[in-house]
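S.K.: Here is a sequence with its predicted model. Questions after.
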Amino acid sequence: MPIIKHRNIFFFLSTALVLGSIAAISVFGLQFSSDFVGGSILEVSYKNIQNVPTLSVAKDHLEPLSLGEYSLRSSGENRLVLRSKFISEDQKNTIVQALTHHGETPEVERFNTVGPTVGESLKNKSYIAIALVVLCIMLFITFAFRKVSDPVPSWKFGFATVIALAHDVLIPTGIYVVYGYYVGAEIDLLFVTALLAILGYSVHDTIVVFDRTRENLAHNIEHRNRESFDATVGKSLSQTMTRSINTSVTIFLTLLALYFVGSDATKHFSFTLLLGVIIGTYSSICVASPLLVALEKSKKL
């Protein structure tokens, strides 16, 4: 199998992508939404697109209100989204009136407020949720492959899976940070939900290959086939690759339709999932299985 034979090329590519993602996160930073840092988010819409003020005009209208530091961005053709510190109900009404343009007062589409304590608690719980998912996945795979001891012990299947999962989380996060810098997307609860979905999808794809590897190893022992481990993994990968790609393409097309046709509320969510499907498919084929072979080779050194 060429992928197994030339695994160092894919290791180099993945390492470059991971390092680039870490660099992007370091440079641009994680821009948390009010879900995690506290504050308010107000989204308004205009019935007549001609009455939607430009951002500069809208900011001029908001200037007398002394809102402090805030973020105002366009959303679609007829909406404005304001993120700021805590806004009371009276302040919200004042802001809506201030955004009146050409005689049209906008309608409130969304108004959410999160306290700083609650936001910090949600952030911590998100970290814990992701860590617990990764830990449970590793423990499950170690248990599921407990009868596999030769030539690779079961815990190495779990270790290879966790490395692939870290790869599948870091790269989409790095790309999303750059994407968010230019389009104003922030890290919110939907982004965390997308990451958890990516973890589930990625491990499912990886387990399919690993399970076929386990079956082929058992078949070799039963029939006393003297096949090398890398040949067995390569054969397993060949047997499952078409299924993995077909599944991924189906999900990708669905998410692509959601991204372009769906509402603005799910646009960034579907973009994150699109990244996850692409990276997850790549890692299950070009990272997890080659890494398993590399772990088997390392014990012989």
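M.R.: Cool, the structure landed. Just so it is clear, the structure is predicted and the values come from calculations on it, not from any experiment.
S.K.: Low-confidence ranges, the chain, go.
M.R.: 1, 115-119, 148-150, 299-301 (pLDDT under 70).
S.K.: secondary structure class for the spatially most central residue of it?
M.R.: Taking C-alpha atoms, centre = their mean, the centroid of the chain lies closest to Leu195, which sits 3.8 Å from it. Secondary structure, DSSP: H, G, I helix; E, B strand; the rest coil: Leu195 is helix.
S.K.: give the contact list for the closest residue in space to it that isn't next to it in sequence.
M.R.: Nearest non-adjacent residue to Leu195, counting by C-beta to C-beta, 6 or more residues apart in numbering: Val169, 5.8 Å away. Bear in mind the C-beta positions are built from the backbone N, C-alpha and C, glycine included. Contact analysis of Val169 by C-beta atoms under 8 Å, 6 or more residues apart in numbering lists 130, 195, 198-199.
S.K.: element containing Val169, please.
M.R.: According to DSSP states H and E, Val169 maps onto helix 154-183.
S.K.: cool, and Gln97?
M.R.: Going by DSSP H and E, Gln97 is in helix 89-98.
S.K.: Could you name the helices and strands sitting against that helix?
M.R.: strand 39-45, helix 55-62, strand 107-114 (3 or more C-beta pairs under 8 Å, 6 or more residues apart in numbering; DSSP states H and E).
S.K.: So which residues make contact with that helix?
M.R.: Helix 89-98 is contacted by residues 40, 42, 44, 61-62, 64-65, 67, 82, 87, 105-106, 108, 111 when judged by C-beta under 8 Å, 6+ apart.
S.K.: Among the residues you listed, the buried ones, what's the ChimeraX command?
M.R.: The ChimeraX selection below is limited to those of those classed as buried (16 or more other C-beta atoms under 10 Å):
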select :40,42,44,62,67,82,87,106,111
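S.K.: Closest to Phe143 out of the contacts of helix 89-98?
M.R.: Ser40 (45.6 Å; C-beta to C-beta).
S.K.: what's across from that closest one in the sheet?
M.R.: Residues in a beta bridge with Ser40, per DSSP bridges, are Ser84, Thr113.
S.K.: Tell me how far it lies from Lys92.
M.R.: Relative to Lys92, Ser40 is positioned 8 Å away (C-beta to C-beta, to the nearest Å).
S.K.: now swap in Tyr176 and tell me
M.R.: 29 Å.
S.K.: So for those two, which residue has more residues nearby?
M.R.: Set Tyr176 next to Lys92 and count neighbours by other C-beta atoms under 10 Å: Tyr176 wins out with 27 against 17.
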